[in-house]
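Q: I'll drop the sequence and a predicted model, then ask my questions.
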Amino acid sequence: MTTLDRPATRTTARRGTTGRTVWGRRLLALAVVVVPLLWASARTLGGGVDLVNTGGLGLVDDLLGKALDPALDAQFLAVVWRALLVTVAFALLGTAGALVLGAVGGLVLSDVAWGERPGRWVGVVRVPLRGVLVAARSIHELVWALLLVSVLGLDPLVAVIAIAVPFGAQTAKVFADTLDLTTRGPLEALRVAGARPVPALAYGLLPGALPLLLSYSFYRLECAIRSAVILGVVGVGGLGQELVVSLQSRNWDEVWTLIGAVLLLSAVVDLWSTRVRTGLAVASCSDWSSGRTGATASGSRWVRWSGWALLPMLVVAWWYADVSWAGLFSERTRELSVRLGDDLLPPALPPGGWATLSAGVLDTIAMAVLAMAFAVALTLAIGPLASRPRRDQDGSGAGPLRWAGWAVARLLLLVLRSVPPTVWAVVALLALFPGILPGAVALGLYTGGILGRLVAEAWESVPLRPRAALQDVGVPRPLAGLAATVPAGVQPLVTYTLYRFEICVRDTAIVGVVGAAGLGRLLQENLNAFRFPAVTTLLIASFVVSVAAELVGRRIRRALAA
């Protein structure tokens, strides 16, 4: 029985909700936001510790002064071009590996694929597989890269595997959910007709899910580009490595050239991915972020051309990045893997014991809370301008000034999310002393670029009729737009904020590696000192914090939906 079949229950529930109950819920929601923010601010600003590094402000001024004078000599541009191609190759190969892992894991986890009575082996495999996938995606790809470097060295395969493993774990979850939400009528008809399991899946289930699976695949490629830049921190190559080297060498003109290359690459991939998703009737990345997949379509010529182009692109990427499986199966790798496993177990506390570990956990949470506060502030400031102007019902549209504001806002969001948080952290550490604040600023800028895009796309779907009604009664157009959009845009803002907070907790490891606070910094320090038992403990703590943030976020989203 559906909810619509129970009108009496809904009426009773509404009558039982008093004004006092509503205000109580509002105060509770306010406390959920304000109390963690006050605590995080007190932990960051308290203790009488200096925050601003006045000696580094001159370096920031030098960096900004070179913005209009980037390095454009032919020799350095050749280095940038090669680094850009390496970054694209890592992203393509990592995404391909993630899709293979996601397809296998998604089929195993899907309920529809196996019917009401799955085989015994499916039930046996599912439980440990779910645990492995949760653990794999809770550890950031940069941490995977740091561990793999200790076994494989600076092999290009490190970047490919570091992207493929956590992305594959996430893809498996999304693929399983997509298959379970696909219309199962054709599959059931083939099963009743006596078709074998594999042909029944291939002809009865996959055709209906294929547009959404392809759409998510291109969305993953869009995310993999950013991850491939981040992985440059460990020294495996690409634009990220060149950025870190230029920043450490204080070659500010080279930094701006590399940032321009990152922005150009991100813009091209964003446009390509958006065009593909539009052809598949999943037009925005906010659809995937929120779990709303919408209607499917058969695709467009652009989608087909993109699909045919991917295979030769993967072959070229494999050749250009000089990736080889030989290092993965060599005797040296086996010995180092066994040694690493022995070193990691049993877990041990880092120097300083429980006090150091608990301080790292609290610093991580505080950093994520402040980062999301910065990100929400940026979203509220930029998001309304970043929403594409639309025509009113009478056919009138926005003026040139509004379109110019939209273009500037979109460009600013692209800059914020394209520059890796590691780079933002290095810049922040020029002006701020190491601690929670530089990490929170770096993650806040990066997350603000992503959150602003998600919310802007969601606000673009808000109906225009309320705005038109307000304008009809004499309300000025800007005020009418705010009054009609803001209340309807609160829910997507809250939903995406909670979604990004879960990811932000995981991303604290990135900025910790380059000198900020939290578990990431402890992880880097213990890896450098070869204290591998402490590394295991820190990975477990990071896993627990990530899962706890995911569970809390899911509980709050369900409460808001109810």
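A: Cool, the structure landed. Treat the numbers as computed from the prediction; the structure is a model and nothing was measured. Residues are numbered from 1 along each chain as shown.
Q: Would you map the strands across this protein?
A: Applying DSSP state E to the chain gives no strands.
Q: Give me the most central residue, it.
A: Nearest to the geometric centre of the chain sits residue 503, at 6.2 Å (Cα atoms, centre = their mean).
Q: which residues touch that one?
A: The neighbourhood of residue 503, defined by Cβ atoms under 8 Å, 6 or more residues apart in numbering, consists of residue 447. Bear in mind the C-beta positions are built from the backbone N, C-alpha and C, glycine included.
Q: Equivalent analysis for residue 244, please.
A: By Cβ under 8 Å, 6+ apart, the residues touching residue 244 are 232, 233, 422, 423, 426, 514.
Q: Sitting in helices, which of those do you find?
A: If you go by DSSP state H, these have 422, 423, 426 in helices.
Q: Tell me, how many residues neighbour the first one?
A: Read it as residue 422. Look at residue 422: counted by other Cβ atoms under 10 Å, it has 26 neighbours.
Q: right, and it touches residue 231 too?
A: No. Under the criterion of Cβ atoms under 8 Å, residue 422 is not in contact with residue 231, lying 9.5 Å apart.
Q: intersection of neighbour lists for these two?
A: 142, 240.
Q: ok, the ones in helices among the contacts of residue 244 vs residue 68, which is closest?
A: In terms of Cβ to Cβ, no member of these lies closer to residue 68 than residue 423, at 19.1 Å.
Q: so what's the closest one up against?
A: Residue 423 makes contacts with 240, 243, 244, 247, 259, as judged by Cβ under 8 Å, 6+ apart.
Q: so of the residues you listed, which ones are in helices?
A: Using DSSP H, those in helices are 240, 243, 244, 247, 259.
Q: Distance check, the residue nearest to the centre of the chain against residue 128.
A: Distance from residue 503 to residue 128, counting by Cβ to Cβ, to the nearest Å: 25 Å.
Q: one step back: same list, the ones in helices among the contacts of residue 423, but as JSON lines with pLDDT and distance to residue 227 please.
A: What follows is the ones in helices among the contacts of residue 423, written out as JSON lines (pLDDT from 0 to 100; distance: Cβ to Cβ, whole Å):
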{"residue": "240", "pLDDT": "88", "distance to residue 227": "9"}
{"residue": "243", "pLDDT": "89", "distance to residue 227": "14"}
{"residue": "244", "pLDDT": "85", "distance to residue 227": "15"}
{"residue": "247", "pLDDT": "85", "distance to residue 227": "19"}
{"residue": "259", "pLDDT": "91", "distance to residue 227": "17"}
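Q: What is the most widely separated pair among the residues you listed?
A: With Cβ to Cβ as the measure, no two of the ones in helices among the contacts of residue 423 lie farther apart than 244 and 259, at 12.3 Å.
Q: Look at residue 436 and say how many residues are nearby.
A: Around residue 436 there are 30 residues (other Cβ under 10 Å).
Q: Show the contacting residues for it.
A: Going by Cβ under 8 Å, 6+ apart, the list of residues near residue 436 reads 40, 43, 44, 363, 366, 367, 370, 516, 517, 518.
Q: between the ones in helices among the contacts of residue 423, which is closest to residue 338?
A: residue 240 (30.3 Å).
Q: Nearest residue to that closest one in space, ignoring adjacent ones along the chain?
A: The shortest distance from residue 240 to any non-neighbouring residue, by Cβ to Cβ, 6 or more residues apart in numbering, is to residue 232 (2.1 Å).
Q: pretty sure the one you found contacts residue 247?
A: No. Judged on Cβ under 8 Å, residue 232 makes no contact with residue 247 at a distance of 11.1 Å.
Q: Between those two, tell me which one has more neighbours.
A: Taking neighbours as other Cβ under 10 Å, residue 232 and residue 247 compare with residue 232 leading, 28 against 21.
Q: what's the pLDDT at that one?
A: Residue 232 carries a pLDDT value of 83.
Q: can you tell me which residues contact it?
A: Counting by Cβ under 8 Å, 6+ apart, residue 232 makes contact with 87, 238, 239, 240, 241, 242, 243, 244, 420.
Q: Distance of it relative to residue 339?
A: Relative to residue 339, residue 232 is positioned 27 Å away (Cβ to Cβ).
Q: ok, now residue 435?
A: 35 Å.
Q: neighbour count winner among these two?
A: Ranked by neighbour count (other Cβ under 10 Å), residue 435 and residue 339 place residue 435 first, with 22 against 13.
Q: Would you confirm that that one contacts residue 51?
A: Yes. If you go by Cβ under 8 Å, residue 435 and residue 51 touch, sitting 7.2 Å apart.
Q: who touches residue 207 in this structure?
A: With Cβ under 8 Å, 6+ apart, residue 207 has these contacts: residue 186.
Q: same check, this time on residue 442
A: Counting by Cβ under 8 Å, 6+ apart, residue 442 touches 371, 421, 422, 424, 425, 427, 428, 511, 516.
Q: go with 6 Å
A: Residues in contact with residue 442 (Cβ atoms under 6 Å, 6 or more residues apart in numbering) are 421, 424, 425, 428, 511.
Q: Tell me who's in contact with the first one.
A: With contacts defined as Cβ under 6 Å, 6+ apart, the neighbours of residue 421 are 442, 443, 446, 510, 511.
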